[in-house]
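Participant: Sequence and predicted structure are below.
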Amino acid sequence: TRKESSAASDVYKRQAMSEARAGALQGLKVVDLTRVLAGPLCTQMLADHGAEVVKVEPPSGDETRKLLPPVTPSRQSAYFSALNRGKQSISLDLSTPEGQDVLHALLSDADVLVENFVPGTLERWGLGYEQALAARYPALVFCSISGFGPDGPLGSLPGYDAVLQAACGLMSINGDAASGPTKLGIPVVDHLTGYVALSGLLMALRARDRDGQGQRVEVTLYDTAISLLLPHAANWIYSGECPRPLGSAHPNIAPYDKIRAADGDVFVGVVNDGQFRRFCAAIGRESLVADVRFSNNEKRVTHRTALKSEIESVTGTWPAEGLAQTLMKAGVPAACVNNVAAALNHPHTAHRELLVHGEGGYTGLRSPMKLMGTPAVPGHAPPAFDQDRQAILARIGASERDFRVDVAAASRESASTREVQEVHMK
């Protein structure tokens, strides 16, 4: 499996080294002021598909550079490396005239700016979109990512992924009766926010193709988290009953749950009556189809506890892998409950070329969308802090002497400066 993955990734590596990178977004210029997760994920996907992305970091660097362990073979934070492939890095203090001059030089021919400062920070520096940038760069697509947006009851307040999971009801429907509300194991709000930002700015670019005008795209973790309440929001709106945690079960479908096998768990998705008949036949319990308690989905949901008990009285003797394969062959969606290592080492992960490799021992996950006519070509490994400074300054016609960052002084950056540059997500 590892050999297959390495061979597939070598193709990416060879393509990335060629001068003419393929990609639907080739020629797009992006200034990335974001840090941590949602913003960097969005801009990494842009870079994977050919955009030129300049990552502008504060003198203290992206916070994820310090989220250790683990580290990559090149001694970068694994967290940082997962989100910053294919970008150039320069450090600027945007609260200073010198840093702002470089930013304006970068924006002079940029198509997109993405930022995730606390709302009001750029305005305090004279860099707000409506305040300054819209008139100066009318074709610029300006994407703002924040926790709650700039106004309203929660406007401008700080927010992190898990905080939004709690505030927006996601924790209340995750877990089970014994555990109580539980945080999801991945930063799902941040992750989806990155995709929302990507979708929004691509729509704004499409609108610009028609009329030549840029616009501001507003993306918040709050809006994203509320949008994840499907089907639970609709269930509450039309029933008045507040959803509760069901473990791995589905509120509207049964059996759609994790079931016990002899050596592990298998998740089964039975959405209609035909699948239920095939499921019962596959496990040798055709009698369940004739049971009045389970004759249709509504009744199966009502009697879900009894149904699961009947199912597990049989599946508890099956090996998990054998059960999953038998069900899939019968046309019933099912899968073993794999851990992360098993998922990444699965032959289908190699077949789908989901792991990409680069210089310095870099390994990462490719962007999940595949364009067959303009395929993505993941770029170079994530940059070291400020590594492209000289090249970027030369490109905009400035010199190192004009814009020198005192890294030693930056390490002593005041708490007040850090506060205004704090981002909304982890």
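Facilitator: Received it, and whenever you're ready, just let me know what you need.
Participant: switch to C-alpha atoms for all contacts and neighbour counts from now on
Facilitator: OK.
Participant: For the most centrally placed residue in the chain, list the residues it contacts.
Facilitator: For the chain, the residue nearest the mean C-alpha position is residue 191 (2.5 Å; CA atoms, centre = their mean). Residues near residue 191 by CA atoms under 8 Å, 6 or more residues apart in numbering: 37, 38, 41.
Participant: With residue 82 as the reference, measure out to the second one.
Facilitator: Just to be clear, that refers to residue 38. Using CA to CA, to the nearest Å, residue 38 is found at 12 Å from residue 82.
Participant: The first one now?
Facilitator: Between residue 37 and residue 82 the distance is 9 Å, computed by CA to CA.
Participant: since we're on residue 197, how many residues are nearby?
Facilitator: Other residues near residue 197 come to 24 when the count uses other CA atoms under 10 Å.
Participant: ah, wrong one, I meant residue 373
Facilitator: When neighbours are defined as other CA under 10 Å, residue 373 has 9 of them.
Participant: Distance of it relative to residue 206?
Facilitator: Residue 373 is 19 Å from residue 206, by CA to CA.
Participant: now do residue 292
Facilitator: 54 Å.
Participant: Quick check: which ranges of the chain have low pLDDT?
Facilitator: The model of the chain has pLDDT under 70 over residues 1-21, 400-426.
Participant: Repeat the analysis, applying 80 as the threshold.
Facilitator: Applying pLDDT under 80 to the chain picks out residues 1-22, 399-426.
Participant: just checking, residue 24 touches residue 375?
Facilitator: Yes - look at residue 24 against residue 375 with CA atoms under 8 Å: they come within range, at 7.4 Å.
Participant: what residues are shared contacts of the two?
Facilitator: Here residue 24 and residue 375 have residue 49 as joint contacts, going by CA under 8 Å, 6+ apart.
Participant: what about the strands in the chain?
Facilitator: 29-32, 52-57, 87-91, 112-115, 141-146, 216-220, 256-261, 264-269, 334-336, 355-358, 362-365 (DSSP state E).
Participant: Out of those strands, the one nearest residue 168 is which?
Facilitator: Residue 168 sits nearest to strand 216-220 of all the strands of the chain, at 12.3 Å, using CA to CA.
Participant: Show me the contact partners of that closest one.
Facilitator: The contact list for strand 216-220 (CA under 8 Å, 6+ apart) reads 129, 141-149, 193, 196-197, 200-201, 204.
Participant: how does it look with 7 Å?
Facilitator: Strand 216-220 has contacts (CA atoms under 7 Å, 6 or more residues apart in numbering) with 141, 142, 143, 144, 145, 146, 147, 148, 149, 197, 200, 201.
Participant: same check, this time on stretch 124-139
Facilitator: For stretch 124-139, contacts defined as CA under 7 Å, 6+ apart pick out 95, 122, 123, 212, 213, 214.
Participant: Among those, which one has the most neighbours?
Facilitator: Each of the contacts of stretch 124-139 was scored for neighbours by other CA under 10 Å, and residue 214 scores highest at 22 neighbours.
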